[in-house]
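S.K.: Starting from these lines, generate the structure:
(2 chains)
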Amino acid sequence: MNPSLAVYRGLKSAGINFVASVPCVNLQGLLDLVARDPQLIHVPVTREEEGVGLCAGAWMGGRRAALLMQNSGLGNCINALASLDMLYGIPLLMVISHRGGVGESIIGQVPMGRLTEPLLDAMQIPHISLLPVLTEDAVEQAVAGAWDEATAQGRPAAVLLDLLFWRGL
Amino acid sequence: MKRIEAIALAAQAAQAEGALLVCNIGYPSRELYSLLDRPENFYMLGSMGLASSIGLGLSLARPERRVMVLDGDGSVLMNLGTLATIAHHGPANLLLIILDNGCYGSTGSQPTCTSLGTDLAALAGAAGIENVQRVESAADLATALSWPEGKPADRNDRGPHDRRACSRAAVIVPTVEPGNASVPIIDLSPQEIIDRFNRCARPAGPS
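M.R.: The predicted structure is shown next:
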């Protein structure tokens, strides 16, 4: 399985046509695919919270929006996710490189790595962690399903991509 | 000029042009609501700092629509990266108006750094936004609000690989007096605000 391509296919399957991003080393393949897609508007932002604002505005203008980021950026977004997206009922697909778990080599990633799912749970943001054993089709369906969930609930939904997902082990 | 005077001029310009208008949290939204409520107004009730980001997303999603943003000095200082992003991705249909009263007007007028000399117009220029105007009077604001159609086209001589070629958003920084008008709170629910705004902001037909 090519993890980047599988997630990209999920974005396309969901009809995502607007992407804001802050890079993670594990997202580089996906970001390359997004940047090369002329059907997508891609805006690299300076901070993840800014991306929440951009995606909200794009959705209000009729686009389907996704935010690509590392889980460290989730912490930068909390207020905006709550007092913009959840307050007004705005859907958002968050594709999150989930650092700080099994196989992590950078100790600074560990605190937010442990807090990522509890934070999402506390905010009642639906999330799914993709396993490395999934097929490309299953990954595509899971990513598209997360957008469907976001739309159905009128709130953000998150896809978590752990280190093992990227390594395919 | 009082802030509510500046908001009135911007609201009239938005109405005249059929523009979508994103308005910052707090008293600015209340003042706009009391002056000239339109379904094309998006009143922020939270997420301080993100007015310009919401406006940027809207302007990219709807390039054929004029999008105006009423922001403030305290809010822009909270999200300074927005100036760099707008500089390189902000399209010509986006106009960011940063009402600079030098203080956090909705929380007791505590001073911001612009009251000590931080220059948001200079910061916008340094970030790469070329069309930036600081205005000190209502007359100058009215002039600045007349959409400078001619200026952005000057940049079409740049090559397609120059990222600045696509960035023609404009910024106006009106200096306004501290203080809030005596206006009531907005008696619309968040759902009402966004539902009516979306009906105006979205293209016709299924999305």
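
S.K.: mind listing what residue 33 touches?
M.R.: If you meant another chain, say so; for now it's chain A. A:L33 is in contact with A:4-5, A:8, counting by Cβ atoms under 8 Å, 6 or more residues apart in numbering or on different chains. (Each C-beta comes from the backbone N, C-alpha and C, glycine too.)

S.K.: look at chain B instead
M.R.: Neighbours of B:Y33 in contact, by Cβ under 8 Å, 6+ apart: B:41, B:43, B:183, B:186, B:188.

S.K.: Show me which of those residues are buried.
M.R.: Listed as buried from these are B:41, B:43, B:186, B:188; burial here means 16 or more other Cβ atoms under 10 Å in any protein chain shown.

S.K.: Tell me which of those residues fall in helices.
M.R.: With DSSP state H as the criterion, helices contain none of these.

S.K.: In strands, which of those residues appear?
M.R.: B:41, B:43 (DSSP state E).

S.K.: Please tabulate the buried ones among the contacts of B:Y33 in TSV, including the columns pLDDT and distance to chain A.
M.R.: Shown next, in TSV, are the buried ones among the contacts of B:Y33 (pLDDT from 0 to 100; distance: Cβ to the nearest Cβ, whole Å):
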residue	pLDDT	distance to chain A
B:N41	98	12
B:Y43	98	10
B:I186	97	13
B:L188	98	11
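
S.K.: and the contacts of A:L33 as a markdown table, adding secondary structure?
M.R.: What follows is the contacts of A:L33, written out as a markdown table (DSSP: H, G, I helix; E, B strand; the rest coil):
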| residue | secondary structure |
| --- | --- |
| A:S4 | helix |
| A:L5 | helix |
| A:Y8 | helix |
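
S.K.: Are any of these buried, and if so which?
M.R.: The buried subset of the contacts of A:L33 - by 16+ other Cβ under 10 Å - is A:4, A:8.

S.K.: Throw the contacts of A:L33 into CSV and include distance to A:P44 and pLDDT, thanks.
M.R.: Output for these, formatted as CSV (distance: Cβ to Cβ, whole Å; pLDDT from 0 to 100):
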residue, distance to A:P44, pLDDT
A:S4, 17, 97
A:L5, 20, 97
A:Y8, 16, 98
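
S.K.: closest to chain B among the contacts of A:L33?
M.R.: Proximity of the contacts of A:L33 to chain B (Cβ to the nearest Cβ) peaks at A:Y8, which lies at 20.3 Å.

S.K.: does the nearest residue to the closest one once chain neighbours are set aside count as helix, strand or coil?
M.R.: Ranked by Cβ to Cβ, 6 or more residues apart in numbering or on different chains and with sequence neighbours excluded, the top spatial neighbour of A:Y8 is A:L33, at 4.3 Å. Recorded secondary structure, A:L33: helix (three-state DSSP).

S.K.: how close does A:I90 get to chain B?
M.R.: Look at A:I90 and chain B: by Cβ to the nearest Cβ, to the nearest Å, they are 7 Å apart.

S.K.: That residue in helix, strand or coil?
M.R.: Here A:I90 is coil, with the state taken from three-state DSSP.

S.K.: got it, and B:T85?
M.R.: Secondary structure state of B:T85, per three-state DSSP, is helix.

S.K.: circling back: let me have the contacts of B:Y33 in CSV, extended by distance to A:V22.
M.R.: Formatted as CSV, the contacts of B:Y33 follow (distance: Cβ to Cβ, whole Å):
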residue, distance to A:V22
B:N41, 30
B:Y43, 28
B:V183, 38
B:I186, 32
B:L188, 33
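
S.K.: ok, those residues vs B:C103, which is closest?
M.R.: Using Cβ to Cβ, B:V183 comes nearest to B:C103 of the contacts of B:Y33, at 17.9 Å.

S.K.: distance of the residue nearest to the closest one when sequence neighbours are not counted from B:Y27?
M.R.: By the measure of Cβ to Cβ, 6+ apart, the closest residue to B:V183 outside its immediate chain neighbours is B:S34, 4.1 Å from it. Using Cβ to Cβ, to the nearest Å, B:S34 is found at 10 Å from B:Y27.

S.K.: higher neighbour count, those two?
M.R.: Using other Cβ atoms under 10 Å in any protein chain shown, the more surrounded residue of B:S34 and B:Y27 is B:Y27, with 20 against 16.

S.K.: State the pLDDT value of that one.
M.R.: Looking at B:Y27, its pLDDT reads 96.

S.K.: next one: the one 3 residues further on
M.R.: According to the predicted model, the pLDDT of B:R30 comes to 97.

S.K.: give the contact list for residue 101.
M.R.: Defaulting to chain A. A:113, A:162-164.

S.K.: wrong one, chain B
M.R.: Residues near B:N101 by Cβ under 8 Å, 6+ apart: B:3, B:72-73, B:175-179.

S.K.: one more time with 10 Å
M.R.: By Cβ atoms under 10 Å, 6 or more residues apart in numbering or on different chains, B:N101 lies in contact with B:2-3, B:6, B:28, B:72-74, B:109, B:111-112, B:114-115, B:174-180.

S.K.: Mind listing the shared neighbours of B:S34 and B:Y27?
M.R.: B:4, B:7, B:181, B:183, B:185.

S.K.: one step back: and which of the contacts of A:G101 is nearest B:I86?
M.R.: Distance to B:I86 across these (Cβ to Cβ) is lowest for A:G113, with 32.4 Å.

S.K.: Is that closest one in a helix, a strand, or coil?
M.R.: Here A:G113 is recorded as helix under three-state DSSP.
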